[in-house]
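Trainee: Quick one, what's the 3D model for this:
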Amino acid sequence: FGQPYGSCVYDPISMAAVIAVTGKKFEDNKIATKIIFPEDMGEVSINNQFVVALNNNPLAKKYGHIFGVHQYNQDGVTPGSIASSTWSSLYKIAQRGATRPVWMTETSGFGAGVPAMKKMYTTIYSALKFGNINAWNWYDATDNDSDVEHASAFFVKKDGKQIFTKKGQAFRHYSKHIRPGAIMVEANCAADADILPLAFQDNFRNRLTIILINNDSVNSKTILLNFTDANSPKKFGSYRTSDKIDYQVMDSISASSSITLPPNCITTLVGNNSKPIISATENIESTNRKYQLTVYPNPSKDGFYIRG
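Mentor: Numbering: from 1, shown residues only. Alright, predicted model coming up:
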């Protein structure tokens, strides 16, 4: 893509060569820094070329730790959206040759006010649901504009304080409650395409977090919560942002109750005392016996559990 600023652009083969040299240098000097590649836009065919070049270079393949993509149009400047099908394709490309985390490493824009709020929460939803991303990064979290309604960042500075904008309030539903180490688990609402659900089990904090989006701009939607896991929390705290309220603490709800979602809203449910789930199982054979060990969370970050 073309840049209106000073920048260095590698073709796929050159990028792989640089990663091979840099990664080896890091390893020799015991530097634990991870290398993110290719840091291009969300165009499937271009990203595929970089992954192919990396996999064809044995050293580069070893050191290309994280697949990073920017959420801009191919000009590299205009903020864009990545379709759910594209996220799915990008995730599959990233896993070719090795298991790699997928990060959305830069985006910005989205405008301001309620339209920006909606774009924020639906965009992150798609990246998590279909791209299985491990990180989602915003370019400019704060600015000096005191106009909350029209600012482009998450916060504005006003009277010496930082105040959330609408898009910042939407982002808060993810960043505050989905913490490092949480595992995305199955969540669906097949009866209504306007309801966009996500769920994350946090084995370190024994917490289950549910994101519920009503993407309908006109109608409220009432849904019945249904948990198939007997170890799920029995009660949930509730937080909501909509076109009318900003990250408001709502009444707690039980796991067997219904919940009404107003138009244009994101609601986060947080249940504590959730029992750890199994995320990966490995069978290990000895001479005469079989042992089944469960390792979770997978992938692990700061620690893991083994149960057998």
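Trainee: Which positions in the lengthiest helix in the chain come out as buried?
Mentor: Longest helix in the chain, counting residues (DSSP state H): helix 113-131. The neighbour-count check on helix 113-131 (16 or more other C-beta atoms under 10 Å) flags 114, 116-131 as buried. Where C-beta positions appear, they are placed from N, C-alpha and C, glycine not excepted.
Trainee: same deal with stretch 24-44?
Mentor: For stretch 24-44, a neighbour-count test (16+ other C-beta under 10 Å) marks 36-43 as buried.
Trainee: same check, this time on stretch 50-66
Mentor: Buried residues in stretch 50-66 (16+ other C-beta under 10 Å): 50-51, 53-54, 57, 59-61, 63-66.
Trainee: Where does pLDDT dip in the protein?
Mentor: 1-6, 73-80, 144-151, 275-308 (pLDDT under 70).
Trainee: follow-up on the earlier one: narrow the buried residues of stretch 50-66 to those in helices?
Mentor: Using DSSP H, those in helices are 50-51, 53-54, 59-61, 63.
Trainee: of all these, which comes closest to residue 178?
Mentor: residue 51 (26.8 Å; C-beta to C-beta).
Trainee: quick one: the strands in the stretch 151-300 of the chain?
Mentor: Here the stretch 151-300 of the chain has its strands, by DSSP state E, counting those that start in this stretch, at 155-158, 161-164, 183-185, 195-202, 207-214, 221-224, 235-242, 248-254, 258-261, 265-272, 281-285, 290-296.
Trainee: on contacts alone, who are the packing partners of the second one?
Mentor: Going back to what we said before, that points to strand 161-164. Applying 3 or more C-beta pairs under 8 Å, 6 or more residues apart in numbering; DSSP states H and E, we find strand 161-164 packed against strand 155-158.
Trainee: what does the fourth one give?
Mentor: Using 3+ C-beta pairs under 8 Å, 6+ apart as the contact criterion, the elements in contact with strand 195-202 are helix 113-131, strand 183-185, strand 207-214.
Trainee: can you do 10 Å?
Mentor: Identification of packing neighbours for strand 195-202 by 3 or more C-beta pairs under 10 Å, 6 or more residues apart in numbering; DSSP states H and E yields helix 113-131, strand 183-185, strand 207-214, strand 221-224, strand 265-272.
Trainee: Pairing partners for it, with directions?
Mentor: strand 183-185 (antiparallel), strand 207-214 (antiparallel) (DSSP bridges).
Trainee: ok so, going back, the strands of the stretch 151-300 of the chain into JSON lines, with extra columns for distance to residue 12?
Mentor: Formatted as JSON lines, the strands of the stretch 151-300 of the chain follow (distance: least, C-beta to C-beta, whole Å):
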{"stretch": "strand 155-158", "distance to residue 12": "38"}
{"stretch": "strand 161-164", "distance to residue 12": "40"}
{"stretch": "strand 183-185", "distance to residue 12": "30"}
{"stretch": "strand 195-202", "distance to residue 12": "33"}
{"stretch": "strand 207-214", "distance to residue 12": "36"}
{"stretch": "strand 221-224", "distance to residue 12": "45"}
{"stretch": "strand 235-242", "distance to residue 12": "41"}
{"stretch": "strand 248-254", "distance to residue 12": "48"}
{"stretch": "strand 258-261", "distance to residue 12": "44"}
{"stretch": "strand 265-272", "distance to residue 12": "38"}
{"stretch": "strand 281-285", "distance to residue 12": "34"}
{"stretch": "strand 290-296", "distance to residue 12": "34"}
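Trainee: got JSON lines for the ones you listed, with distance to residue 23 and mean neighbour count too?
Mentor: Shown next, in JSON lines, are those (distance: least, C-beta to C-beta, whole Å; neighbours: other C-beta atoms under 10 Å):
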{"stretch": "strand 155-158", "distance to residue 23": "36", "mean neighbour count": "17"}
{"stretch": "strand 161-164", "distance to residue 23": "38", "mean neighbour count": "14"}
{"stretch": "strand 183-185", "distance to residue 23": "28", "mean neighbour count": "16"}
{"stretch": "strand 195-202", "distance to residue 23": "31", "mean neighbour count": "20"}
{"stretch": "strand 207-214", "distance to residue 23": "35", "mean neighbour count": "23"}
{"stretch": "strand 221-224", "distance to residue 23": "47", "mean neighbour count": "13"}
{"stretch": "strand 235-242", "distance to residue 23": "42", "mean neighbour count": "20"}
{"stretch": "strand 248-254", "distance to residue 23": "46", "mean neighbour count": "12"}
{"stretch": "strand 258-261", "distance to residue 23": "47", "mean neighbour count": "16"}
{"stretch": "strand 265-272", "distance to residue 23": "38", "mean neighbour count": "22"}
{"stretch": "strand 281-285", "distance to residue 23": "28", "mean neighbour count": "10"}
{"stretch": "strand 290-296", "distance to residue 23": "26", "mean neighbour count": "13"}
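Trainee: what's the distance between residue 98 and residue 106?
Mentor: Residue 98 sits 23 Å away from residue 106, going by C-beta to C-beta, to the nearest Å.
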